[in-house]
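Visitor: Got a sequence here, can you model it:
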Amino acid sequence: MSVEVNQVLAQMRVVQARMGIGSAERATPPNGGFGDLLKQSLDSVNELQQTASRLKTDFQTGAREVDLTEVMLASQKASVAFQAMTEVRNKLVDAYKDIMNMPL
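Guide: Numbers count the residues shown, from 1 in each chain. As a prediction, this is how the structure comes out:
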């Protein structure tokens, strides 16, 4: 029993129409899309790094009661977040290179 490709495509279009998925929705992603998500992630990493830096300075100067474990945890959170963001950047650059090397 063979299924024709055109029949499958027609069925997919019917399902998309029923779900209200159109090409206009794909052109404008909800909530700003990937760029906004990336910016939010960068802002979050930056905030973690600033918090860790502030806690380190407070611990070193004795300006307020800051526990060493709190400083170390904040520092590690910032480090892990930065490493994760670096990996995401590397994957984006690799994907960009792959797309640019594709033949037209």
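Visitor: what about the spatially most central residue of the chain, distance to Gln49?
Guide: Nearest to the geometric centre of the chain sits Leu38, at 4.9 Å (CA atoms, centre = their mean). To Gln49, Leu38 is 17 Å away according to CB to CB, to the nearest Å. For every residue, glycine as well, the C-beta is placed using N, CA and C.
Visitor: which residues does the residue nearest to the centre of the chain contact?
Guide: Val88 (CB atoms under 8 Å, 6 or more residues apart in numbering).
Visitor: next one: the one 10 residues further on
Guide: Contacts for Leu48 were tallied using CB under 8 Å, 6+ apart; they are Ala74, Lys77, Ala78, Ala81.
Visitor: Make CSV out of these and add secondary structure and neighbour count.
Guide: CSV is the format used below for the contacts of Leu48 (DSSP: H, G, I helix; E, B strand; the rest coil; neighbours: other CB atoms under 10 Å):
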residue, secondary structure, neighbour count
Ala74, helix, 21
Lys77, helix, 15
Ala78, helix, 20
Ala81, helix, 18
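Visitor: okay, these in TSV with pLDDT and distance to Met102 next?
Guide: Converted to TSV, those look like this (pLDDT from 0 to 100; distance: CB to CB, whole Å):
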residue	pLDDT	distance to Met102
Ala74	93	43
Lys77	93	38
Ala78	94	37
Ala81	92	32
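Visitor: which among those gets closest to Arg54?
Guide: Lowest distance from Arg54 to the contacts of Leu48 (CB to CB) belongs to Ala74, with 8.6 Å.
Visitor: And the helices in the protein, which stretches?
Guide: In the chain, the helices defined using DSSP state H lie at 5-19, 23-27, 34-61, 68-100.
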